[in-house]
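[1] Here is my input, please return the structure:
(chains A, B and C)
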Amino acid sequence: MIGSDKVHKILYGGDYNPEQWPEEVWAEDMRLFALAGVDTVTLNVFSWASLQRSDTVFDFEKLDRIMEYVKENGLNVCMATSTAAHPAWMARKYPDILRTDLTGIKRQFGARHNSCPNSPTYRKFSVKLAKAIAERYKDYDNIVAWHVSNEYGGACYCENCAAAFRRWLMRRYGTIEEVNRVWNTSFWGHTFYDFEEIVPPDLRSEAFVYDFDGSIRTNFQGISLDYMRFQSDSMLECFVLEKKALKKITPDIPVTTNLMGWYKGLDYFKWAQEMDFVSWDNYPECDSSPAYPAGFHDVCRGMKDGMPFALMEQSPSVSNWHPYAKLKRPGVMRLWSYQAIAHGADTVQFFQMRRSQGACEKYHSALIDHVGSEHTRVFNEMAELGAELKKIGAATLGTRTHSKVAIVFDWENWWALEMSAGPSVRIDYLKEVETYYSALFRQNISVDFIRTDSRFLAYDLVIAPLLYMNKEGYDDKVRAYVQNGGTYLATYLNGYVDENDRVLLGGYPGRQKDIFGIRVEESDALPPDESNRFIYKGTQYPAEILCDLIHLSGAEEISTYESDFYAGSPVLTKNRYGDGVAYYVGTHSSEEFYATFLRDICETLFIDPVLNAPLDVEVRCRENEENRFIFILNHKDTATEVRMKREGTDILTDRNYQAGDFVKLERKGVAVIRLK
Amino acid sequence: MIGSDKVHKILYGGDYNPEQWPEEVWAEDMRLFALAGVDTVTLNVFSWASLQRSDTVFDFEKLDRIMEYVKENGLNVCMATSTAAHPAWMARKYPDILRTDLTGIKRQFGARHNSCPNSPTYRKFSVKLAKAIAERYKDYDNIVAWHVSNEYGGACYCENCAAAFRRWLMRRYGTIEEVNRVWNTSFWGHTFYDFEEIVPPDLRSEAFVYDFDGSIRTNFQGISLDYMRFQSDSMLECFVLEKKALKKITPDIPVTTNLMGWYKGLDYFKWAQEMDFVSWDNYPECDSSPAYPAGFHDVCRGMKDGMPFALMEQSPSVSNWHPYAKLKRPGVMRLWSYQAIAHGADTVQFFQMRRSQGACEKYHSALIDHVGSEHTRVFNEMAELGAELKKIGAATLGTRTHSKVAIVFDWENWWALEMSAGPSVRIDYLKEVETYYSALFRQNISVDFIRTDSRFLAYDLVIAPLLYMNKEGYDDKVRAYVQNGGTYLATYLNGYVDENDRVLLGGYPGRQKDIFGIRVEESDALPPDESNRFIYKGTQYPAEILCDLIHLSGAEEISTYESDFYAGSPVLTKNRYGDGVAYYVGTHSSEEFYATFLRDICETLFIDPVLNAPLDVEVRCRENEENRFIFILNHKDTATEVRMKREGTDILTDRNYQAGDFVKLERKGVAVIRLK
Amino acid sequence: MIGSDKVHKILYGGDYNPEQWPEEVWAEDMRLFALAGVDTVTLNVFSWASLQRSDTVFDFEKLDRIMEYVKENGLNVCMATSTAAHPAWMARKYPDILRTDLTGIKRQFGARHNSCPNSPTYRKFSVKLAKAIAERYKDYDNIVAWHVSNEYGGACYCENCAAAFRRWLMRRYGTIEEVNRVWNTSFWGHTFYDFEEIVPPDLRSEAFVYDFDGSIRTNFQGISLDYMRFQSDSMLECFVLEKKALKKITPDIPVTTNLMGWYKGLDYFKWAQEMDFVSWDNYPECDSSPAYPAGFHDVCRGMKDGMPFALMEQSPSVSNWHPYAKLKRPGVMRLWSYQAIAHGADTVQFFQMRRSQGACEKYHSALIDHVGSEHTRVFNEMAELGAELKKIGAATLGTRTHSKVAIVFDWENWWALEMSAGPSVRIDYLKEVETYYSALFRQNISVDFIRTDSRFLAYDLVIAPLLYMNKEGYDDKVRAYVQNGGTYLATYLNGYVDENDRVLLGGYPGRQKDIFGIRVEESDALPPDESNRFIYKGTQYPAEILCDLIHLSGAEEISTYESDFYAGSPVLTKNRYGDGVAYYVGTHSSEEFYATFLRDICETLFIDPVLNAPLDVEVRCRENEENRFIFILNHKDTATEVRMKREGTDILTDRNYQAGDFVKLERKGVAVIRLK
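    Just a heads-up that it's a prediction; the model follows:
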């Protein structure tokens, strides 16, 4: 797998659970895998209970047979450690392993992902199991990666977590006085005199259900924000403990865990630093915009500064847990697989290889359906793709994407922003980020997602939607970037608070006023049925959600509000600062506005699309020192064509194109052009 | 009451709670009962607390007086055992009697139906009370039936239930290995080594609140399905324990308990086997379709293979717990009473006789309103009906209904189907059953509801909507029925799984592929705003909710999809199999489609309406060896008329009709014609 | 403050939390307060944790400095006792102080208002703290009022409350037999033999979540109604305990606590009897009708029989906890401040003086924004108002309002009415009250809100919307009022039950049938999409929510229903009774109907508006023996003018008007005319 020198093609396969089936079925699986071009299976994801029947008794006999069988059949293995669901006997014997949920009620055995991340039992036994598996299978050279646990997530509010939280706070803040300071506990008389007085912010303490919309909110931002950090760190510690155990035994096998897309609970950027490579599970709704998975592909690529990642799971057709399990239409599975590759994936893996006979995912699609044969639409499409990926071989492996535009994304900002009591329940970080991303996506301008501590200098344009939190030093970094010629764009609610959600005093946007040459005095939160308006280049656009009332202090106004008592005051501003430019967008507007406004900025900066293409035809580029690949992806339901700017060969069809030729694609069609 | 030889007319009356009133009111009650033609009262439904003040001290003094008074006034008694609400002192002294709810929180005293069905305290004391009542009143020959507890329902998740569940599992499955097999516990590492590791599937374990729609769902179908069975069985055991105690003392008095219509929690078909006769409480919303109560009347008739049942409760006018307690319009109470009789009821009982002065049902309508007099619309309508029923006398008692069409209904299928994670949250068993039932109802074609183990041979047409679960042997039964000339109709999601929700492998519909001559490869779940289309006999109909993609293997296609990638593939099929025919309806369509399609099938089979009648005029038939009664029920808001096919006499008006004559009915009017 | 002889102007200022800021900021605060005309600050609202660090150790050092500083700067102090949020250490050491919520789960430390009102710890320490503060600062003659706790509210269901509830019941009812009687426990077998059997009506017992709309409802009205009384009383006891402690030390400083508007949980009328003056916090949504705050101003004035009250809090601009924190438009803060004064307020106070840097109210608006300077719109508007209030001085202090119309409002009625199971979930007490109030408000007819035990004789018209509960003697009081010439208007659901929600038998409206000369036989609850109709003076109006079916027994009908089976039966009636008239409105209709109908009644009674004014221009009057002030408030977004009937001077502008002159007001403008 990525990072492993055993891998010479785009890995193809996915989750395989032979332990759910009698052994006579295994041979048929192998026949079908061969037909479909499957070369890699993820094994052992949920076998803890069957592998370990007591504190001391392990039973690897069946897994041994599986490993041998799989090896004999020439398959690579992505080997899971099985620690995502603890055994029932362990829950009974060691109840500390069970989570306590947000209501304060302790769970019993059931579901999965229910281990308390601070349970001594969980930590001891999960590491012990990882170690035992590594020892037993370390000599299998077909193991291409370790897959620790599975889709980490959730949170726990038990006594063990409370104690661990206090220790985490002591390490972070040193003294209780500093906790009081950063959480502003003089508000509402929350002053603490001893760390022992602090309890987790659950529904028994600071969390509450907001009458207005049933959402969970907090009465105290400081503690709730730190508890998010703490839980993310606690689970990361579990990952790291297993990883270290594995690395001691098999130092050369890369270690990962599969991420869940825009999952709010874990700071994936922080996690990525501990992962040898990033992998994720892509389950868009059938009618999702193609920008949705594309965006998270780009986040994954950004997690390790451009390094290719693994598509660890996607569904061959339906995802059973979608409210309406709509079929992936013919061609869509292939199209979305190539989209992953186009954005930096070096694997195409699925959940799952054979559809389960029972329990809650039995209606999730699989390579091998309940009918058991290869005579299904889904199998055929997967076999065709398997053959294509064999043909591609190692060509695209390790190639990278070079973007001139970056969007700053930050999990801690996400938490703080949406935890805020005010100014509006309509504030939605992902939606705002997606607004900017989609506008660029639709114009085929490649975007990197970067961290607040990433290097900005490589980019011509850095966009920071709703970057409410100004971490220590961040404003200096932006200042330097713009002074050195960079173009930076921020939005309403920019730079209000520090890492602890304490307002940076002196007027908004806090420490960044000089950069933008403005001061925001007030912000008008509009209900869903109200909007203001502004005119940009002759066209009127809506101003929604929040309208900043802006004073200029050096910036020029690009546009002003059209109505209400702040009519005539600036809504869009531009500030020349050093050698660069800082834009400020003081409201939320329509898709059409962002398309126009961002295109104009890009044109100024000579940032061009990869190719000019019709709407809904995506074009991406991956390259290395030898080759440059242009991926053309037709998301439309009709055929299309795209004109080549340079000579190249479609590596799927071996067809050559001269500059000026049209590449024709059928509905949902794909071309991968290796440029000359 | 039904089954009792003391009963010589349609019993008329209902719940009577004199213990809530001073004795001076009782005499007035008797005067008013006589005016209204009331002959039967249900007594003692909620008196446990007043009858028993400690472990050993009973106080029957007031009930004695009530029984005497009622007897003196010539009233029959349906005698309740009062065990639907345990006393407060008992809850305090023996907390094991209190339920633990789905959240895992133990209840305190309050409401009703809160006794844990596996509480040793509850079982001991409820039987003791039933026995004491039977001993005390066994010589009252006006007791026409025992009414055990009241509207059983709810579920408990306490430690006693957990232990009883484990014993239930041991009895059902023998070994833990078999539990693992049927629940498919190799999925998500749920392997159990000891029954003691199993905990009830509540919100602390396998149950969860689904974000999408706030519904309660399960992470593990096997255990949750068995827990439904177990809770239904546990409450049934409570019923049986009381029943046995009663039968020892009064072997000749029939025993029942009142069912709650389409209540999902209890497998009423299994319960009915333990009941001497079936009784139920009919509380439709004021604007319900008449098909709604009609359907459950037919279920009740089916529970004991056609035996008449008791309408134990209905409301004289408003039901206080409806969101909007709309008045039953003039004539509606009478109309719905005759509807019950038309479908097989041999009683017309109400909740309640005198409106309570306090607590939560004080705004539920009653024969005697808070005004206390007979001078109310509701009293007058009830008195008129009382007089009519006296006139009818024993004429209709014990008559039966002969239907040529049956619908298979199954509680376990209901549970499994709606527990499924996928393919669509829109799957709704009752709605699909109602769709088929209503189409026939509106055409005045009588339908029996039958069990999966009922005899099919008596029917010309058997319809099995959404019969997802194929219990052991069920397919053989259908096979034999069709081979012998029967016509069978099934729908999408037919026959997928066995009793444990394990998929029957080899392609859908599992073991029934030969019967239908098809294989379903995929099913496309459509969101509410999407649909496909098909044409039947020149008219286009929608295909909604789920669209099966069908391969023919012997069947002929009746219609095909009109759009999407599966346009042209079959949606309706017909398979000649042996001497019979099997229809398959691969999607959900509109009311208009079912009306046409089912009429065509019925015509083929020479299944005719009882009479031809205008829309919303219901016509039913009950008969015995001597007589045949035609019930004509005008559900419309305008007058109507129906043409007689044979000579007969309206037993309400003594009016004679010749064949060809028109029976005229005013709005909400009723005629009961005894055919010559 | 009100009641204090130190106060010679409308107090202006509000909540000030210098303890959240370094001392160097305080000097700047003083400078800005002086600029803004602030003369009064509310101190020490949430400082318990910082004032008391253990059972015995207090630390007043910072508060001492604050008090000195504030005094030196000539500010009045509204001194809070800080008992609205207990310290974290106390929660840890004495968990009895923590509430148990409706689910039965015990809270941990967090949020505010979480002290159990029956906690011995809370009662002991809260009184101890109040006493300590009073002792320490008793000699500060700038303390104008004590502000006990803050916005009391919430409810607790813990064991201590259960025990206290049983004692409360013993005091109220004496014997368990009487409890059984008033709660009607023979219903559903709820008979109690011992007070110890009674548990609080929480979600473990009588309360439940209603499937239909997710609301919390009760299975047993009697206990739930008494628990509301008990919790209100329990918190009131806490208030009284602190008040007594304060009064011992500073007998001359008036004591209050700030109420929360239409807050259902506490019987504010009962509370007001213990408060030296009433104060409240006014936080309307930005787009609220002006009638909304006006109504509660009038309630506050009514609480102490016309005595002026304090506006303790309002927001300078946004309220952060509104779903959409829309800015108060220019002029609105001033307009609403004068509205408060017009309705009887003698203070204009805000939350808060300086915007917090952290925690959940940091985006609530303040005099001093995060920018920290006086150069903001909000500061300027507040400074202008501050100057005006200085100019007004003592002129309006203590003046009163004389209304000819009263609306009866009753908390216990509110509880009982909305607890009822039936007849409709659409029954909404506040909405019905608001319907009548608004119709009069828009016509500038002054209304007093009065209690059921207030004197009626001072009023020409008394309106009792949805007065479902007829307390002992209430009907006699109405009878006497009407007989003596009063006009009384009641509505559907009038007078059904006694104090314990037991129906008053003999037909509705219970004991008041003679007064209205009618009997209501039935009530038809209509769903939201249905309505009946009636014609009043030639115009047709809708009949919605509930339609009473009325028999006349002396009354004359004003209008009848137009449709359904009760077409032609009365909906509006009028009964001459003694020297007076009783109107009955048997349904809910439209705004237009109430405007017309009430205007007609008022005209009959010679009840005139203060002045004739355009729609949305409010005119109110306050007067004392020397002066009469006319407040003219333009709620419109455009300029307007109002014609004077008498000569007078605008005390804001010193402009004189002759009778017949027009007072011109800009959008949101205000005039305060002192009549000659």
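
[2] how about the residue lying closest to residue A:551 once chain neighbours are set aside, what does it touch?
    Leaving aside its sequence neighbours, residue A:551 sits nearest to residue A:519 (CB to CB, 6 or more residues apart in numbering or on different chains; 4.6 Å). No exception for glycine: its C-beta is placed from N, CA and C like everyone else's. Counting by CB atoms under 8 Å, 6 or more residues apart in numbering or on different chains, residue A:519 touches A:507-508, A:513, A:550-551, A:553, C:371.

[3] Mind putting the residues you listed into a markdown table with secondary structure and neighbour count?
    Compiled in a markdown table, those are given as follows (DSSP: H, G, I helix; E, B strand; the rest coil; neighbours: other CB atoms under 10 Å in any protein chain shown):
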| residue | secondary structure | neighbour count |
| --- | --- | --- |
| A:507 | coil | 20 |
| A:508 | strand | 25 |
| A:513 | helix | 22 |
| A:550 | strand | 28 |
| A:551 | strand | 15 |
| A:553 | coil | 13 |
| C:371 | coil | 18 |
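
[4] Turn those residues into TSV, including pLDDT.
    Formatted as TSV, the contacts of residue A:519 follow (pLDDT from 0 to 100):
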residue	pLDDT
A:507	97
A:508	98
A:513	98
A:550	98
A:551	98
A:553	98
C:371	98
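
[5] show me what contacts the residue sitting furthest away from the middle of chain A?
    Going by CA atoms, centre = their mean, the residue of chain A most distant from its centre is residue A:565, 41.1 Å out. Contacts for residue A:565 (CB under 8 Å, 6+ apart) come out as C:329-330.

[6] Skipping adjacent residues, who's closest to the residue of the stretch 51-200 of chain A found nearest chain B in space?
    Here the stretch 51-200 of chain A gets closest to chain B at one residue, residue A:110, 3.0 Å apart by CB to the nearest CB. Leaving aside its chain neighbours, residue A:110 sits nearest to residue B:205 (3.0 Å; criterion: CB to CB, 6+ apart).

[7] Return the distance of residue A:303 relative to chain B.
    26 Å (CB to the nearest CB, to the nearest Å).

[8] Pull the number of nearby residues for the residue lying closest to that residue once chain neighbours are set aside.
    Spatial nearest neighbour of residue A:303, excluding adjacent residues (CB to CB, 6+ apart): residue A:272 at 3.6 Å. Per other CB atoms under 10 Å in any protein chain shown, the neighbour tally for residue A:272 reads 21.

[9] List the residues that contact residue A:272.
    A:278, A:303-304.

[10] For it, give me the pLDDT.
    For residue A:272, the pLDDT comes out at 98.

[11] quick one, phi psi at it?
    phi -60, psi -30 (degrees, to the nearest 10).

[12] circling back: need the three-state assignment for the residue nearest to residue A:551.
    strand (DSSP: H, G, I helix; E, B strand; the rest coil).

[13] Helices of the stretch 1-150 of chain A, start to end?
    Along the stretch 1-150 of chain A, the segments classed as helices by DSSP state H, counting those that start in this stretch run A:23-36, A:48-51, A:61-72, A:88-93, A:120-137.

[14] what packs against the shortest one?
    Judged by 3 or more CB pairs under 8 Å, 6 or more residues apart in numbering or on different chains; DSSP states H and E, the packing partners of helix A:48-51 are helix A:120-137.

[15] Check the stretch 301-450 of chain A for the residue nearest chain C and tell me.
    residue A:422 (3.2 Å).

[16] wait, doesn't that residue sit right on residue C:364?
    Yes: the pair formed by residue A:422 and residue C:364 meets the contact definition of CB atoms under 8 Å, at 7.2 Å.

[17] picking up where we left off before, quick check, pLDDT for the residue nearest to residue A:110.
    97.

[18] Then residue A:87?
    The model's pLDDT for residue A:87 equals 97.

[19] Quick check, pLDDT for the residue nearest to residue A:36 when sequence neighbours are not counted.
    Distances taken as CB to CB, 6+ apart place residue A:383 nearest to residue A:36, at 4.4 Å, with adjacent residues excluded. Note on residue A:383: pLDDT of 98.

[20] near chain C, which residues of the stretch 351-500 of chain A show up?
    Contact residues (CB under 8 Å from any CB of the partner chain) of the stretch 351-500 of chain A with chain C: A:420-426, A:500.

[21] how about a cut-off of 6 Å?
    A:421-425 (CB under 6 Å from any CB of the partner chain).

[22] could I get those residues as JSON lines with neighbour count, distance to residue A:590 and secondary structure?
    Listed next are these as JSON lines, based on neighbours: other CB atoms under 10 Å in any protein chain shown; distance: CB to CB, whole Å; DSSP: H, G, I helix; E, B strand; the rest coil:
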{"residue": "A:421", "neighbour count": "21", "distance to residue A:590": "28", "secondary structure": "coil"}
{"residue": "A:422", "neighbour count": "22", "distance to residue A:590": "24", "secondary structure": "coil"}
{"residue": "A:423", "neighbour count": "23", "distance to residue A:590": "21", "secondary structure": "coil"}
{"residue": "A:424", "neighbour count": "23", "distance to residue A:590": "18", "secondary structure": "strand"}
{"residue": "A:425", "neighbour count": "21", "distance to residue A:590": "20", "secondary structure": "coil"}
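
[23] and chain B, which of those reach it?
    Of those, not one also sits near chain B (CB under 6 Å from any CB).

[24] Residue A:336 falls within a helix, correct?
    Yes: assessed with three-state DSSP, residue A:336 lies in a helix.

[25] Quick one: the helices in the stretch 551-676 of chain A, in order.
    Here the stretch 551-676 of chain A has its helices, by DSSP H, counting those that start in this stretch, at A:591-604.
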